[in-house]
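Engineer: my questions are about this predicted structure, shown below with the sequence.
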Amino acid sequence: MKRKAFILSMLLVPLFLYSQSVLGIKFGSNYNSVKQALEDRYGKYSVHEDNGNLRVYDLAVGDYKFDSGKFEFQRNGGNTYFYFAIFSEHYSLSNKKEAIRNRDFLFSLISDKYEYTESFVNDDGFKCYKFGKNPLDNSRVLGLITLAKGVGNDGISRYYLELSYGPIYYISKSSDF
């Protein structure tokens, strides 16, 4: 009986591990398949390579529009694993109420999909949210919705609303060292 339970768990665990996805792209997918899926969805010229990761600008996740999305990969030899995604939208400092309203709307969309949610207040005094469970590490959440004040690459201060999924580590963080 124990052997049957073990065999069943060995068959089901990989299915569960790869069941988490973003935009229909499963975590753990390789770089080329993620790039192809993004190109199929947003167009070849909308997907940009960025230091071994992928970026897409002006994209929709469901019915929500973001200014940018970044898809990050772990590497082990010649293998790549999609393990983190972050979507960002920025607001001028005069649009604080709109940023808060959109954060709450985004949370309403997310909270309908994920059983586990929790709120916290960040260092900027904004309410933020944790959601879902990381399939490889029960002590971590699947994602975050954050709102914070920051300075862009152009030196302008803005509010940044971010939706992130992961990291879901397929390779030990210390494997490179």
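Structural biologist: Great, that's in hand.

Engineer: quick one: the helices in this structure?
Structural biologist: Counting by DSSP state H, the chain has helices at residues 2-17, 31-42, 96-113.

Engineer: what is the mean pLDDT for the longest one?
Structural biologist: Rounded to a whole number, the mean pLDDT of helix 96-113 is 93.

Engineer: against which helices or strands is that helix packed?
Structural biologist: With contacts taken as 3 or more CB pairs under 8 Å, 6 or more residues apart in numbering; DSSP states H and E, helix 96-113 sits against strand 64-76, strand 79-91, strand 117-121, strand 127-133, strand 141-151, strand 157-165. All C-beta atoms are positioned from the backbone trio N, CA, C, and that covers glycine.

Engineer: tell me the strands beside the third one, with direction?
Structural biologist: Read it as strand 117-121. strand 127-133 (antiparallel) (DSSP bridges).

Engineer: number of nearby residues for Y57?
Structural biologist: Here the number of neighbours of Y57 (other CB atoms under 10 Å) works out to 12.

Engineer: same question but for L54, I mixed them up
Structural biologist: Neighbours of L54 (other CB under 10 Å): 21.

Engineer: what stretches of the protein score poorly on pLDDT?
Structural biologist: 1-19, 173-177 (pLDDT under 70).

Engineer: could you redo the last one with a cut-off of 90?
Structural biologist: 1-21, 60-64, 76-78, 110-117, 133-141, 153, 170-177 (pLDDT under 90).

Engineer: surely N79 touches G28?
Structural biologist: No. Checked against CB atoms under 8 Å, the pair N79 and G28 is beyond contact range at 10.2 Å.

Engineer: ok, the closest residue to V56 other than its chain neighbours to V61 distance?
Structural biologist: Excluding its sequence neighbours, the residue lying closest to V56 (CB to CB, 6 or more residues apart in numbering) is G69, at 4.7 Å. Going from G69 to V61 by CB to CB, to the nearest Å gives 7 Å.
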